[in-house]
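Participant: Generate a structure from the sequence data that follows.
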Amino acid sequence: MLRDVVEKSVLRMLVLALALVVGFVFGRASAPRIDAVKSEPSGIVYNYISFDVKPERREDFLASIRTNEKDTLSLEPLARAYKWGEDLNVPNRFHFHEAYAGGYAGFKAHLDSEHIAQWDALVATDPFLVKPNGPNLYKKMDLSAE
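Facilitator: Residues are numbered from 1 along each chain as shown. Presented below is the predicted three-dimensional model:
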């Protein structure tokens, strides 16, 4: 009986280790899908995401993301912020901070917008050294209430 428990524990540890290695080799582990969000936040919802672009794909990426930024802010009535930039220490690593009114629905409207198809087309060509680590949705915390 003890042997069975030990064998199951060792097997679980091996599976976990394999998952970590696969995540390391093939990019960061992916974040939960947005359709798996457990609650429907209201108000402003924020998204943070980062990834590394292959150096030879940098110009394609920049052209796509500039268009995406312009269209997000000009065509999406629920978009409140779309900030992005390159990491100061790691070339071709980009960070994004986005804000959408209407809670989860505002972010979902962004994903469902017509102009996001251009971004999806770029993503389909695998321009990443390290794949996107998101979406990572969050709400601002009101610390004054504590």
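
Participant: all strands of the chain, in order?
Facilitator: Along the chain, the segments classed as strands by DSSP state E run 45-53, 79-86, 93-100, 128-130, 136-138.

Participant: What residues of the third one count as buried?
Facilitator: When neighbours are counted by 16 or more other C-beta atoms under 10 Å, the buried residues of strand 93-100 are found to be 93-94, 96, 98-100. The way it works is simple: take the backbone N, C-alpha and C, and place the C-beta from them, glycine included.

Participant: quick one: it to strand 79-86, angle?
Facilitator: 170 degrees (axes from the mean of the first three to the mean of the last three C-alpha atoms, to 10 degrees).

Participant: And strand 93-100, what does it pack against?
Facilitator: Under the contact definition 3 or more C-beta pairs under 8 Å, 6 or more residues apart in numbering; DSSP states H and E, strand 93-100 sits against strand 45-53, helix 58-75, strand 79-86, helix 104-112.

Participant: List the neighbouring strands of the shortest one plus their orientation.
Facilitator: Sheet pairing here is set by DSSP bridges, and for strand 79-86 it gives strand 93-100 (antiparallel).

Participant: quick one: contacts of the strand it pairs with?
Facilitator: When contacts are defined by C-beta atoms under 8 Å, 6 or more residues apart in numbering, strand 93-100 is touched by residues 44-53, 61, 65, 72, 76, 78-87, 106-107, 109-110, 130.

Participant: Type out the PyMOL command that picks the buried ones from the residues you listed.
Facilitator: Buried subset of the contacts of strand 93-100, written as a PyMOL selection, criterion 16+ other C-beta under 10 Å:
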select buried, resi 44+45+46+47+49+50+51+52+53+61+65+72+76+78+79+80+82+106+107+109+110+130
